[in-house]
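A.B. asks: quick one: sequence plus predicted model below, questions after.
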Amino acid sequence: MLLGMSAGDPPDVNPLEAQNRQYFSIWGNAYNHLIQYNWKEPADQIIPDLAESWEIGPDAKTYTFRIREGVKWHDGKTFTAEDAKWAVEAIKDKGPRVKDDLRSIAKVEALDPRTLRITLAQPRASLLGVLGLATVPIVARHVYEAAKGDLRQGPNIGTGPFKEGSYIRGVSAEMVRNPDYFEKELPYLDGIKVIMVRDNTTRLAAFRTKRVDLLSMGATEVNRVELDELKKSVPDLQPNPHVKMAVNIIWPNTNAKPWDDVRVRRAAFLAVDRYQALKVLDDTMAVAGPVVPPNWALPEKELQSIPGYRPNNIENDRREARRLLAEAGYPNGFDTESTAPSNVDRLVKLQVFAVDQLGTVGIRVKSNPLPFAEWSVLRREGTFKLIAIEANVAYPDADAAAANVFPGVFSTLKDDKMVQLFQQQSVEPNLERRRQIVFDLQRRMLEVLNQIPIAWTSDYYPTQPYVKGFVAPLGQWSRHRMDHVWLDK
């Protein structure tokens with residue numbers, strides 16, 4: 001049995017409306033999806049799951065899925081395309097993390113017991129990427145109806161590799177091997193037990209003494225400093241770097257002076273030594289361009305040719321930054337203010353870094369960390385000057401970058417060309433043509449600088465040396481199942 005820890009319980013265990021990793025990293029093991037993200041590298045690849053194959057129509061609006069034969073729900077009932085139809089419609093209606101991403105679905109049909117067809121109102125190139133997410137489980141209609149539509153307390157009856165076992169709120173949750181799983185050799189584990197431990201120090205101590213096999217389930221990942229400390233006690237641990245698909249950024253309020261002037265934004269952009277950030281910020285892993293999924297990012301060679309990204313060129317960049325400030329009417333720099341949530345250490349550290357970097361060109365930033373609630377109000381109402389924040393994408397498809405393009409979550413700038421390019425790539429069915437449009441989108445983001453990207457962030461999902469077959473998911477929601485994990489002891 002695999003032993004893990006969770007930072008706490010989910011609010012409830014309703015698969016249709018769950019929103020946090022505490023749920024999906026544990027109870028997600030009870031479910032399959034129509035299709036899934038790869039359980040090994042490349043982690044962004046879509047592979048079969050309940051659908052053994054699929055075809056996309058010539059108009060890029062019709063997706064036909066061939067359902068596996070012989071799949072059973074945990075209660076023994078046969079799984080059919082009609083079940084898949086209901087589940088997709090239910091998630092489209094209720095799934096809080098994917099409703100917007102599935103809004104282009106116009107119709108879902110079960111053509112026969114093994115054929116499902118999804119028709120879109122307009123092409124949506126990211127559909128497969130969304131259907132493969134952990135947040136799109138295939139849930140049983142008969143279980144939902146037996147519970148009178150209330151699955152907050154379960155049961156979690158899926159088709160997945162593990163069945164729901166015991167759950168004592170605040171103590172532990174167990175999943176047990178499904179002996180009738182359609183992948184006959186899987187899962188390798190007899191079961192999974194996850195202990196609820198809110199205190200991070202206690203969790204780290206349990207890993208050091210090998211009382212748990214991994215730290216990752218239920219938001220128990222560690223940062224670089226914590227990993228280095230763990231290595232002192234468990235030198236042969238497997239670090240399993242986790243690509244969060246998030247970027248440390250400085251977010252300028254483009255609706256407020258002087259940040260409405262692109263010359264000022266570019267001066268701030270050029271002031272930042274991104275290679276220094278990799279040395280002083282604990283959660284960084286690589287220099288970041290515009291915030292899109294890393295598998296859609298500009299080629300490294302091109303990025304490193306752009307001012308602000310050229311290695312060993314920071315003094316030239318800062319000289320240009322001072323020139324731009326003078327041109328914009330600030331020959332002696334100016335005073336401004338930056339805020340970050342005071343209870344999030346990594347963002348407070350990011351803000352300290354930003355204050356130091358912008359100061360090198362005369363942008364004098366007053367650091368103003370605020371309680372999370374106050375900070376959230378400033379962010380929501382747009383009454384800030386600068387925010388130090390981690391901007392993320394939810395899944396490894398370019399469509400997931402929407403929050404970094406449209407005004408709202410991570411941006412205040414409305415740029416028609418940026419929006420046009422985003423919408424154009426979203427409906428482009430040809431992968432290579434779409435990739436080139438996404439590259440053009442990033443080039444535009446670097447022209448208008450609605451954000452000042454600094455570095456990709458990462459954390460770690462450490463496992464004991466005897467844990468085999470574990471691969472950290474790409475981002476937060478791509479895959480959480482433990483069906484290929486085994487223990488070599």
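C.D. replies: All right, it came through fine.
A.B. asks: buried residues in stretch 170-179?
C.D. replies: Residues of stretch 170-179 classed as buried: 172-178 (neighbour count, 16 or more other Cβ atoms under 10 Å). For every residue, glycine as well, the C-beta is placed using N, CA and C.
A.B. asks: now, which of these sits nearest Asp397?
C.D. replies: Nearest to Asp397, judged by Cβ to Cβ, of the buried residues of stretch 170-179 is Met175 at 28.6 Å.
A.B. asks: next secondary structure after the helix ranked longest in the chain?
C.D. replies: In the chain, ranked by residue count with DSSP state H as the criterion, the top helix is helix 431-448. Toward the C-terminus, helix 431-448 is succeeded by strand 452-460 as the next helix or strand (DSSP states H and E).
A.B. asks: that following strand packs against which elements?
C.D. replies: helix 224-233, strand 241-252, helix 262-271, helix 274-280, strand 284-287, helix 345-359 (3 or more Cβ pairs under 8 Å, 6 or more residues apart in numbering; DSSP states H and E).
A.B. asks: run the chain-centre distance for the following helix or strand past the last one.
C.D. replies: For helix 345-359, the following helix or strand on the C-terminal side (DSSP H and E) is strand 363-367. What separates the centre of strand 363-367 from the centre of its chain is 31 Å, taken as Cα atoms, centre = their mean, to the nearest Å.
A.B. asks: now strand 363-367 - C-alpha only, CSV.
C.D. replies: What follows is strand 363-367, C-alpha atoms only, in CSV (Å, rounded to 0.1, in the frame of the first residue of the first chain):
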residue,chain,number,x,y,z
ILE,A,363,11.8,53.2,-10.5
ARG,A,364,11.5,53.6,-6.7
VAL,A,365,9.0,51.1,-5.5
LYS,A,366,7.5,51.2,-2.0
SER,A,367,6.8,47.6,-0.9
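A.B. asks: hmm, who's touching that strand?
C.D. replies: 267-268, 271, 325, 333-338, 340, 351-352, 354-355, 358-359, 386 (Cβ atoms under 8 Å, 6 or more residues apart in numbering).
A.B. asks: outside of the helix or strand that it is followed by, which residues touch it?
C.D. replies: Note on strand 363-367: by DSSP H and E, the next helix or strand toward the C-terminus is helix 372-381. Applying Cβ under 8 Å, 6+ apart, the contact partners of helix 372-381 are 339-344, 369-370, 383-384, 387.
A.B. asks: so which of these sit within strands?
C.D. replies: 339, 387 (DSSP state E).
A.B. asks: which among the contacts of helix 372-381 end up buried?
C.D. replies: Buried among the contacts of helix 372-381 by 16+ other Cβ under 10 Å: 339-342, 344, 369-370, 384, 387.
A.B. asks: between the helices and strands packed on strand 452-460, which one is nearest to Arg443?
C.D. replies: helix 262-271 (14.0 Å).
A.B. asks: can you show me the CA trace of the closest one as PDB?
C.D. replies: Extracted in PDB, the C-alpha atoms of helix 262-271 (Å, rounded to 0.1, in the frame of the first residue of the first chain):
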ATOM      1  CA  VAL A 262       4.300  51.200 -22.800                       C
ATOM      2  CA  ARG A 263       7.700  52.900 -22.600                       C
ATOM      3  CA  VAL A 264       7.500  52.800 -18.800                       C
ATOM      4  CA  ARG A 265       6.500  49.200 -18.900                       C
ATOM      5  CA  ARG A 266       9.400  48.300 -21.200                       C
ATOM      6  CA  ALA A 267      11.800  50.100 -18.900                       C
ATOM      7  CA  ALA A 268      10.600  48.000 -16.000                       C
ATOM      8  CA  PHE A 269      10.800  44.900 -18.200                       C
ATOM      9  CA  LEU A 270      14.400  45.600 -19.100                       C
ATOM     10  CA  ALA A 271      15.400  46.400 -15.600                       C
END
